[in-house]
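*Asks:* sequence first, then the predicted structure, then my questions.
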Amino acid sequence: MTTDRHAGASVTVRVPAKVNLQLGVGPKRADGYHELATVFHAVSLFDDVRARQVKPGAGISLTISGEDASELPLDETNLAWRAVLLLADHAGHPADVELHLQKGIPVAGGMAGGSADAAGALLACESLWQLGIARAELMELAAQLGSDVPFALHGGTAIGTGRGERLLSALSRGAFEWVFALADKGLSTPDVYAECDRLRGEKRVSAPVVPPEIMQALRAGDAVALGAALSNDLQSAAISLRPVLAQVLEVGAEYGALGAIVSGSGPTCAFLAADEEQALDIAVGLTSAGVCRTVKRATGAVPGARIVA
Ligand code: C5P
């Protein structure tokens with residue numbers, strides 16, 4: 001926690017983006033969600049969430065900075081705001097805080113940027129208000145906010161089941177080099193799941209599983225095997241809604257990516273590189289092909305949400 005002369009105490013939490021190394025989507029459940037078997041992997045694109053103490057009764061205020069800041073709501077429809085309300089209600093603490101989000105994770109990009117902000121808001125306010133809430137309890141609150149929020153707290157590499165909120169840490173060796181191609185416009189996660197259902201039609205969908213190849217590749221720290229094992233059941237739905245993504249994936253593969261997939265519900269595309277040099281080749285190739293808005297490099301896996309100031 002830090003304090004300065006002009007304002008109250010503040011806590012800043014840094015939260016990573018995620019890519020799903022594998023995303024198995026099962027049948028739609030009665031509650032409208034899909035049963036998942038997925039491997040989450042936290043990568044070094046970050047949002048910073050700062051919570052600052054304000055006068056009692058001042059309520060919640062929210063500001064956002066960063067590339068896509070203007071696209072995001074600054075009211076209770078923002079998931080970070082809802083996280084503050086949920087935590088305050090749960091702990092019986094007044095919901096008074098000034099929240100600031102510094103965005104480094106693409107908005108509506110399939111990398112759980114909104115979930116990262118919610119996880120950051122939970123952890124920052126829990127610390128600022130000195131609530132002493134246990135980790136497991138915070139994870140439960142996170143799951144109430146969204147399927148990807150618990151993983152933003154967890155970080156590293158983890159298997160996700162249920163709707164993605166039930167986590168099991170995965171053994172992984174070494175660090176992997178990634179390149180991400182960011183799109184001009186986001187995709188809505190519910191729209192992509194609905195398109196997946198539409199494409200499947202009446203086909204029988206079996207329960208999703210995490211293939212053993214991917215866990216072996218992670219345990220061995222084998223980037224070549226991991227690249228070959230990457231898969232995403234939402235990919236054809238994302239491409240159906242945004243056909244240019246097929247071309248983005250092709251360009252990355254042409255420049256030698258070990259694996260190329262749509263990240264989560266997209267439209268960000270993720271490319272696994274053998275090393276830093278190849279990551280640079282892929283990034284330059286994607287940029288010169290002009291198939292995406294911008295390119296970002298990152299490494300994984302990195303830790304989940306943590307207090308940095
Ligand atoms: O949990 P979250 O609010 O992030 O989910 C956003 C939307 O994504 C849901 O409303 C649902 O349409 C879809 N979804 C799904 N199955 C999941 C996770 C998300 O259908 N396991």
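*Replies:* That came through fine. Everything numeric in this text was worked out from a predicted model, so none of it was measured.

*Asks:* and the residue in the stretch 201-309 of the chain that the ligand sits nearest to, what is it in contact with?
*Replies:* Residue nearest to the ligand within the stretch 201-309 of the chain: Ser265 (7.3 Å; C-beta to the nearest ligand atom). No exception for glycine: its C-beta is placed from N, CA and C like everyone else's. By C-beta atoms under 8 Å, 6 or more residues apart in numbering, the contact set of Ser265 is Gly110, Leu187, Ser188, Thr189, Val192, Tyr193, Leu234, Ala237, Ala238.

*Asks:* pretty sure the second one is in a helix, no?
*Replies:* Translated: Leu187. No: judged by DSSP: H, G, I helix; E, B strand; the rest coil, Leu187 forms no part of a helix; its state is coil.

*Asks:* gap between it and Ser61?
*Replies:* 29 Å (C-beta to C-beta, to the nearest Å).

*Asks:* compare those two (neighbour count), which wins?
*Replies:* More crowded of Leu187 and Ser61, by other C-beta atoms under 10 Å: Leu187, with 24 against 15.

*Asks:* so which bits of the chain are right by the ligand?
*Replies:* Tyr33, His34, Leu36, Gly146, Ser147, Asp148, Arg163, Gly164, Thr189, Pro190, Tyr193 (C-beta under 6 Å from any ligand atom).

*Asks:* which ones are touching the first one?
*Replies:* It stands for Tyr33. Tyr33 touches Ser147, Arg163, counting by C-beta under 8 Å, 6+ apart.

*Asks:* now do stretch 106-117: distance to the chain's middle.
*Replies:* Between the centre of stretch 106-117 and the centre of its chain there are 5 Å (C-alpha atoms, centre = their mean, to the nearest Å).

*Asks:* how's this structure carved up into domains?
*Replies:* Per automatic domain parsing, the domain ranges recorded for the chain read 10-170, 176-300.

*Asks:* out of the ones you listed, which is the most enclosed?
*Replies:* Mean neighbour count (mean count of other C-beta atoms under 10 Å) peaks for domain 10-170 among the domains of the chain, with a mean of 21.

*Asks:* can you give me the end-to-end span of that domain?
*Replies:* Distance between the two ends of domain 10-170: 33 Å, counting by C-alpha to C-alpha, to the nearest Å.

*Asks:* could you dump the residues of the chain next to the ligand into a markdown table and include pLDDT?
*Replies:* Putting these into a markdown table (pLDDT from 0 to 100) gives the following:
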| residue | pLDDT |
| --- | --- |
| Tyr33 | 97 |
| His34 | 98 |
| Leu36 | 98 |
| Gly146 | 97 |
| Ser147 | 97 |
| Asp148 | 98 |
| Arg163 | 97 |
| Gly164 | 97 |
| Thr189 | 96 |
| Pro190 | 97 |
| Tyr193 | 98 |
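
*Asks:* what segments of the stretch 51-200 of the chain are strands?
*Replies:* Listed in chain order, the strands of the stretch 51-200 of the chain (DSSP state E, counting those that start in this stretch) span 60-66, 97-103, 157-162, 166-169, 176-182.

*Asks:* in TSV: the ones you listed, plus mean pLDDT.
*Replies:* As requested, the strands of the stretch 51-200 of the chain are arranged in TSV below (pLDDT from 0 to 100):
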stretch	mean pLDDT
strand 60-66	98
strand 97-103	98
strand 157-162	98
strand 166-169	98
strand 176-182	98
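
*Asks:* export the contacts of Ser265 to TSV and tack on distance to Asp47?
*Replies:* Shown next, in TSV, are the contacts of Ser265 (distance: C-beta to C-beta, whole Å):
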residue	distance to Asp47
Gly110	15
Leu187	19
Ser188	19
Thr189	17
Val192	21
Tyr193	23
Leu234	22
Ala237	26
Ala238	22
